[in-house]
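Engineer: model this:
(one chain, ligands or ions: 1)
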Amino acid sequence: MKNNSINTLVRKNILELRPYVSFRDHNEFNSPVMLDANESPFGECNRYPDSTQKKLKNKLAELKNISPSQIAVGNGSDELIDLIIKIFCEPKKDAILMMNPSFAMYGFYAAINENKVLKLDLNENFEIVKNDFLKIAEDPSLKVFFLCSPNNPTGNSIDDIEFYLQNFNGIVVVDEAYIEFSGKKSSLELLDQYSNLIVLQTFSKAWGFAGARVGMAYASGEIIRLINTVKAPYNVNVLSQELIVKTLNDEKRFQENVNRILEERTWLQEQFEGIACISKVFSTDANFFLIRMENVDSVYTRMLEEEILTSRRDPAIPGCIRINVGNREENEKLINLLKGI
Ligand SMILES: *Cc1c(COP(=O)(O)O)cnc(C)c1O
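Structural biologist: Numbers count the residues shown, from 1 in each chain. Sure, this is the predicted structure:
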């Protein structure tokens, strides 16, 4: 980044905000009588969650070898995408940059916040053309670049992340929702070098907890303080915080599940080869495939008739459907159907 201070990028009203502080969560007590938050004394989930998500952050810090002060936890990484836009983009004035095609939620939250969306078209292999990036990055209204790697819905990873960090005059959010499937290095290791970097990760994909709604932002302490300031104090509920802490104590099961999904991904890839209605399977670093079909309408309809739900990407990506890796039984159903078309 050519700018040297993050503060020059932050909306003025946000810089001036004082965070909501829960007295209870910011002090140590042994066995307090809690008459401070108008809660009920009865029930199993009667207390507000820890607004600082201390246990969860300490556990994550240990796992990622990073300071807890560099971690923000959101109600899914979706919430963090929204908060990042709110912190840096002035409504009706500033813009975000996203790749095209990429994860639709960046544009969705920008629209809700009344921020413009500039789209960086990817080439036919879904790679960024660096000169196109340099040209579009000159737009002075741009504050945040959402760089999704591996990219959803295309599946490929983006190379040379540092180039974008160095040549963007704003915040670069590297969304690593699928990093665990990629075998690639996380951009977390670049945090010390780049003050404009935010790395997003989530428990929704490889960890198998989409229903718990927990996502993380990793960044400088300065950026994390801003996120903690604008987030709803009790954004991650008690049950999810406890569930994820428990899960993090069993990393072995997580790795086993990822390995099973990777084995199924390989199996599916082999099965796709002999199937007539498929014209191209794009290579993937994620837990899904982008597939070009000979006749996308009839293939998609046939799958729906059999209640096999997939994500139709046509017409935005002509002829393409995104299909994620399931368990063997689900994958067999899919393959048997496709073979018959
Ligand atoms: C699924 C996904 C997420 C995860 O969102 P959560 O809100 O954490 O469930 C984030 N980014 C991308 C690109 C995704 O595909």
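Engineer: please count neighbours and contacts with C-alpha atoms only from this point.
Structural biologist: OK.
Engineer: interface residues of the protein facing the ligand?
Structural biologist: Proximity of the chain to the ligand (CA under 6 Å from any ligand atom) is limited to residues 76-78, 103, 148, 152, 175, 177, 202, 204, 210, 213-215.
Engineer: return the subset of the residues you listed lying in strands.
Structural biologist: Under the assignment DSSP state E, the residues of the chain next to the ligand contribute Cys148, Asp175, Thr202, Gly215 to strands.
Engineer: name the nearest of those relative to Cys89.
Structural biologist: Asp175 (18.1 Å; CA to CA).
Engineer: please report how far that closest one lies from Ile6.
Structural biologist: 19 Å (CA to CA, to the nearest Å).
Engineer: gap between the longest helix seen in the chain and the chain center?
Structural biologist: In the chain, with assignment by DSSP state H, the single longest helix is helix 251-272. Taking CA atoms, centre = their mean, to the nearest Å, one finds the center of helix 251-272 at 20 Å from the center of the full chain.
Engineer: which neighbouring elements make contact with it?
Structural biologist: helix 328-339 (3 or more CA pairs under 8 Å, 6 or more residues apart in numbering; DSSP states H and E).
Engineer: what sits up against the helix it packs on?
Structural biologist: Helix 328-339 has contacts (CA atoms under 8 Å, 6 or more residues apart in numbering) with Glu264, Leu268, Gln271, Phe272, Ile275, Ala276, Cys277, Val299, Met303, Ile308, Val325.
Engineer: return the alpha-carbon coordinates of it using PDB.
Structural biologist: What follows is helix 328-339, C-alpha atoms only, in PDB (Å, rounded to 0.1, in the frame of the first residue of the first chain):
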ATOM      1  CA  ARG A 328     -19.800 -41.100  -1.400                       C
ATOM      2  CA  GLU A 329     -23.500 -41.900  -1.500                       C
ATOM      3  CA  GLU A 330     -24.400 -38.400  -2.600                       C
ATOM      4  CA  ASN A 331     -21.600 -38.300  -5.200                       C
ATOM      5  CA  GLU A 332     -22.600 -41.700  -6.600                       C
ATOM      6  CA  LYS A 333     -26.200 -40.400  -7.100                       C
ATOM      7  CA  LEU A 334     -24.800 -37.400  -8.900                       C
ATOM      8  CA  ILE A 335     -22.500 -39.500 -11.200                       C
ATOM      9  CA  ASN A 336     -25.100 -42.100 -12.000                       C
ATOM     10  CA  LEU A 337     -27.600 -39.400 -13.000                       C
ATOM     11  CA  LEU A 338     -25.000 -37.500 -15.100                       C
ATOM     12  CA  LYS A 339     -23.900 -40.800 -16.900                       C
END
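Engineer: can you check what angle separates that helix from helix 251-272?
Structural biologist: 20 degrees (axes from the mean of the first three to the mean of the last three CA atoms, to 10 degrees).
Engineer: just the element for Leu290, please.
Structural biologist: strand 288-293 (DSSP states H and E).
Engineer: in this structure, which residue is most central in space?
Structural biologist: In the chain, the residue lying closest to the centroid (CA atoms, centre = their mean) is Ala177, at 4.2 Å.
Engineer: all helices of the stretch 51-200 of the chain, in order?
Structural biologist: 54-64, 76-88, 105-112, 130-136, 161-166 (DSSP state H, counting those that start in this stretch).
Engineer: any chance of JSON lines for those helices, columns mean neighbour count and mean pLDDT?
Structural biologist: Putting those into JSON lines (neighbours: other CA atoms under 10 Å; pLDDT from 0 to 100) gives the following:
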{"stretch": "helix 54-64", "mean neighbour count": "16", "mean pLDDT": "97"}
{"stretch": "helix 76-88", "mean neighbour count": "21", "mean pLDDT": "98"}
{"stretch": "helix 105-112", "mean neighbour count": "17", "mean pLDDT": "98"}
{"stretch": "helix 130-136", "mean neighbour count": "13", "mean pLDDT": "98"}
{"stretch": "helix 161-166", "mean neighbour count": "16", "mean pLDDT": "98"}
